[in-house]
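S.K.: here is the input, now give the coordinates:
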Amino acid sequence: MKVLLPYFFIVNSIAFILAGYDKYLAIKHKRRISENMLFTITAIGGSVGLLLAMLLFRHKMSKPSFMMKYGGIVFLQIVIALLIYFYYCDTETLAWFRVSSSK
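M.R.: Numbering: from 1, shown residues only. Take a look at the predicted model:
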């Protein structure tokens with residue numbers, strides 16, 4: 001658990017910086033960072049950093065294909081996180097999900 005916080009901080013920082021730099025390159029009409037690179041860093045945990053950069057720099061927001069792929073990655077991350085959570089938590093933690101049949 002001590003490793004996860006620094007990992008996500010570093011990965012999200014990299015995603016934020018890459019998206020900001022890509023926006024800078026777009027303004028200067030130079031060779032850009034590939035979308036696959038942005039998607040890769042997002043898939044390994046940089047989705048929050050990329051989202052913040054997209055909102056702050058107004059970058060890639062008007063491109064529907066990018067937004068759909070980004071949304072798909074975030075959706076898969078949520079599903080995986082829920083599966084891991086349910087697999088590793090105990091039955092007392094899951095009790096609030098159960099519907100009681102007797103009232």
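
S.K.: what's the strand or helix carrying residue 68 in contact with?
M.R.: Secondary structure from DSSP states H and E places residue 68 in helix 64-88. Residues outside helix 64-88 that contact it (Cβ atoms under 8 Å, 6 or more residues apart in numbering) are 35, 39, 42, 43, 45, 47, 50, 51, 60, 61, 94. C-beta here means a position set from N, CA and C on the backbone, and glycine is covered the same way.

S.K.: now do stretch 30-42
M.R.: Contacting residues not belonging to stretch 30-42 are listed as 11, 14-15, 18-19, 21-22, 25-26, 49-50, 60, 66, 69-70, 73-74 [Cβ under 8 Å, 6+ apart].

S.K.: buried residues in the helix holding residue 68?
M.R.: In terms of neighbour count (16 or more other Cβ atoms under 10 Å), helix 64-88 has its buried residues at 66, 69, 70, 73, 74.

S.K.: tell me which of those has the lowest pLDDT.
M.R.: Within the buried residues of helix 64-88, residue 66 has the lowest pLDDT, namely 89.

S.K.: how about stretch 35-51: buried residues?
M.R.: The neighbour-count check on stretch 35-51 (16+ other Cβ under 10 Å) flags 38, 39, 41, 42, 45, 46, 47, 48, 49, 50, 51 as buried.

S.K.: so can I have CSV of the residues you listed showing pLDDT, distance to residue 89 and secondary structure?
M.R.: Listed next are these as CSV, based on pLDDT from 0 to 100; distance: Cβ to Cβ, whole Å; DSSP: H, G, I helix; E, B strand; the rest coil:
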residue, pLDDT, distance to residue 89, secondary structure
38, 92, 32, helix
39, 93, 30, helix
41, 95, 29, helix
42, 93, 26, helix
45, 91, 21, helix
46, 92, 26, helix
47, 93, 23, helix
48, 94, 23, helix
49, 94, 27, helix
50, 94, 28, helix
51, 93, 27, helix
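
S.K.: the residues you listed: which two are farthest apart?
M.R.: The largest separation in these, counting by Cβ to Cβ, is between 39 and 48 at 14.7 Å.
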